[in-house]
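> Just the structure for this:
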Amino acid sequence: MPQLPAPDYPAEVRARLEADAKEIIARYPGTRSALLPLLHLVQSEEGYVSRTGMAFCAELLELTTAEVTAVATFYSMYRRKPGGDYQVGVCTNTLCAVMGGDAIFDELKQHLGVGNDETTEDGKVTLEHIECNAACDFAPVVMVNWEFFDNQTPDSAKRLVDDLRDGRAVEPTRGAPLCTYKETARILAGFPDERPGAVGATGGAGPASLIGLRLAKGEAPRPRVVRPRDSEAPQDAPQPGSQHLSSHDAPGQTSASDPAHPAGPVAEEGE
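Alright, predicted model coming up:
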């Protein structure tokens, strides 16, 4: 059956969103270019991009709802249904998977009692697998509302989601302090993060990701400190706590998080 037209926002909500939308649209020489941040704006209102939100974007940008829907359904960063306050994304791409990401995802599904793209009954956590978090240096990686939690294990990931559900303070490994999914969506729409210290908080990529950039700048590559997991650390290795090391700089027991798939070859080549 054809769907009825989407209902409009309540008058006070619409007035507030229109004021924000006009500020966003004014940033661009062409109004159509404002569609992506406008979708984040409506997502910050309802926690997902609803039919009402898409109709709102279409009206203000003089687009058809089909054009807006095509964009909203193309990008995975836009939800199509209500979700939790915290979107927990587990990287299951190649490197994270073999380092334990698959085990983390499987254990979180069982621990939370949800499947992929499903939300816990208390409305706190939405779990999803992500193809790549662009943080291979720190595999396996979990993201919460797009903030990094590096070098995870099944146990640490379960503690993380338990803390989120119980309202305990959680600090990302790198980047800005954690906020709710709706608050994150408003920041992605282009509005300032006014929380104290949030803008100053940062955290870059790991050395393996940056080596090409450093070589292009003519910088000498850093000495490698990678060593077998059961060997002694070299004397010049960075000391714990001196910086945030990736698992490649100072290998941890991440692969041990997946007992069914231990690190290292298990058969002769060709078998």
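> ok, which stretches of the stretch 101-250 of the chain are strands?
118-119, 125-130, 142-144, 147-149 (DSSP state E, counting those that start in this stretch).
> between those strands, which gets nearest to Leu108?
Closest approach to Leu108 among the strands of the stretch 101-250 of the chain (CB to CB): strand 125-130, 5.8 Å. The C-beta positions use only the backbone N, C-alpha and C, and glycine is treated the same way.
> can you give me the mean pLDDT across the closest one?
Mean pLDDT, strand 125-130: 94.
> Over to stretch 171-183?
Mean per-residue pLDDT for stretch 171-183: 89.
> end to end, how far does that stretch reach?
16 Å (CA to CA, to the nearest Å).
> So which of the strands of the stretch 101-250 of the chain is the most surrounded?
Sort these by mean neighbour count, taking mean count of other CB atoms under 10 Å, and strand 142-144 sits at the top with a mean of 24.
> Report the distance from it to the chain centre.
5 Å (CA atoms, centre = their mean, to the nearest Å).
> partners of that strand, with directions?
Strand 142-144 has the following sheet partners, assigned by DSSP bridges: strand 86-91 (antiparallel), strand 147-149 (antiparallel).
> hang on, the earlier thing: can you check which of the strands of the stretch 101-250 of the chain gets nearest to Leu38?
Closest to Leu38 of those, according to CB to CB: strand 125-130, at 22.3 Å.
> How about residues contacting stretch 12-28?
In this structure, residues lying in contact with stretch 12-28 by CB atoms under 8 Å, 6 or more residues apart in numbering are 8-9, 31, 34, 37-38, 41-42, 45, 56, 60-61, 189-191.
> Apply 7 Å and report the result again.
8-9, 31, 34, 37-38, 41-42, 45, 56, 60, 189-190 (CB atoms under 7 Å, 6 or more residues apart in numbering).
> nearest to Asp117, of those?
Once CB to CB is applied, the member of the contacts of stretch 12-28 that ends up nearest Asp117 is Val42, at 19.6 Å.
> Give the other helices and strands that the strand or helix carrying that closest one contacts.
Here Val42, judged by DSSP states H and E, is contained in helix 35-46. Identification of packing neighbours for helix 35-46 by 3 or more CB pairs under 7 Å, 6 or more residues apart in numbering; DSSP states H and E yields helix 11-25, helix 51-61, helix 65-74, helix 181-188.
> Now those helices in CSV, please, with extra columns for mean neighbour count and distance to Val90.
Formatted as CSV, the helices and strands packed on helix 35-46 follow (neighbours: other CB atoms under 10 Å; distance: least, CB to CB, whole Å):
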stretch, mean neighbour count, distance to Val90
helix 11-25, 14, 31
helix 51-61, 20, 27
helix 65-74, 16, 22
helix 181-188, 20, 16
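> Dump these to TSV, plus distance to Ser209.
Output for the helices and strands packed on helix 35-46, formatted as TSV (distance: least, CB to CB, whole Å):
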stretch	distance to Ser209
helix 11-25	31
helix 51-61	35
helix 65-74	27
helix 181-188	22
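> List just the one of the ones you listed that sits closest to Tyr86.
The closest of the helices and strands packed on helix 35-46 to Tyr86 is helix 181-188. By CB to CB, the value is 6.5 Å.
> so what secondary structure elements neighbour the closest one?
Checking 3+ CB pairs under 7 Å, 6+ apart, helix 181-188 ends up next to helix 35-46.
> any idea of the mean pLDDT for the helix it packs on?
Taken as a whole, helix 35-46 carries a mean pLDDT of 96.
> do stretch 186-193 as well
Averaging pLDDT along stretch 186-193 gives 91.
> Same question for stretch 77-86.
Mean predicted lDDT for stretch 77-86 stands at 92.
> Same question for stretch 57-69.
Mean pLDDT, stretch 57-69: 93.
> next one: stretch 5-17
Per-residue scores along stretch 5-17 average to 91.
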